[in-house]
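In: sequence unknown, structure follows:
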């Protein structure tokens, strides 16, 4: 689906160019600056994400918020009502997310938490953070014993493809309006526990995900951000 997203964006940009050219040559008259036109910057990306991304809930929430603001701009109801409805929608979505994760991932999450706590007690973990900035860390023939990753309005890139492993390890990752990329060798297993609000973690590895001599336990959380696990550079 990631290949679909640029195609949709390309089509949208081409359509915008055609509309601007048509208006300039008087072929047709499509008013791009109607009341509430700015809500398209919320509606269009949310609609595209709803089609292309796995996290449908957050995309649906932002799409609903954009439509509600558009209706308010069209004087269907007041902005005061619009913001109250949007707040209610997001509170309901957050509540549903918590309930669903507790119902369907409870046993697995407890097992992973136990292993994460055991491993954290044994090892000294490195820390990599990016706050309004970027942080790249590449392991080259170094023993990896775990890491705490933090990205707030920034990005962290942790490259473990040439790292050495002698035991199972832990990665703690938190991102707020930021992103974290973790590149791992092809011969490790990944076990994930996540707790995101409007964001998520995605395992994009091409190798056999079920095999590996050692395991990396990833404990990821955050809001309006994401963690990507890869085994190759993007082309």
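Out: Looks like it arrived, so ask away. Being a predicted model, the structure only gives us computed values, none of them experimental.

In: lowest average confidence, helix or strand, in this protein?
Out: Among the helices and strands of the chain, helix 106-122 carries the lowest confidence by mean pLDDT, DSSP states H and E, at a mean of 65.

In: that one: what's the following helix or strand?
Out: strand 126-131 (DSSP states H and E).

In: packing partners of that following strand?
Out: Strand 126-131 makes packing contacts with strand 134-143, strand 147-152, strand 155-164 when contacts are defined by 3 or more CB pairs under 8 Å, 6 or more residues apart in numbering; DSSP states H and E. For every residue, glycine as well, the C-beta is placed using N, CA and C.

In: tabulate those (TSV), appending distance to residue 182, mean neighbour count and mean pLDDT.
Out: Shown next, in TSV, are the helices and strands packed on strand 126-131 (distance: least, CB to CB, whole Å; neighbours: other CB atoms under 10 Å; pLDDT from 0 to 100):
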stretch	distance to residue 182	mean neighbour count	mean pLDDT
strand 134-143	10	13	90
strand 147-152	8	22	89
strand 155-164	5	18	92
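
In: can you add distance to residue 86 and give those strands back as a markdown table?
Out: Shown next, in a markdown table, are the helices and strands packed on strand 126-131 (distance: least, CB to CB, whole Å):
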| stretch | distance to residue 86 |
| --- | --- |
| strand 134-143 | 32 |
| strand 147-152 | 24 |
| strand 155-164 | 28 |
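
In: what's the closest of the ones you listed to residue 83?
Out: Proximity to residue 83 (CB to CB) singles out strand 147-152 among the helices and strands packed on strand 126-131, at 25.3 Å.

In: so the residue lying farthest from the centre of the chain, which of the three states?
Out: Most distant from the centre of the chain: residue 26, at 42.1 Å, with distances by CA atoms, centre = their mean. Following DSSP: H, G, I helix; E, B strand; the rest coil, the label given to residue 26 is coil.

In: pLDDT at it, what is it?
Out: As predicted, residue 26 sits at a pLDDT of 79.

In: can you give me the helices in the protein?
Out: With helices called from DSSP state H, the chain shows them at 4-24, 40-52, 56-73, 79-104, 106-122.

In: can you say which of the ones you listed is nearest to residue 226?
Out: Among the helices of the chain, helix 56-73 sits nearest to residue 226 (CB to CB), with 10.2 Å.
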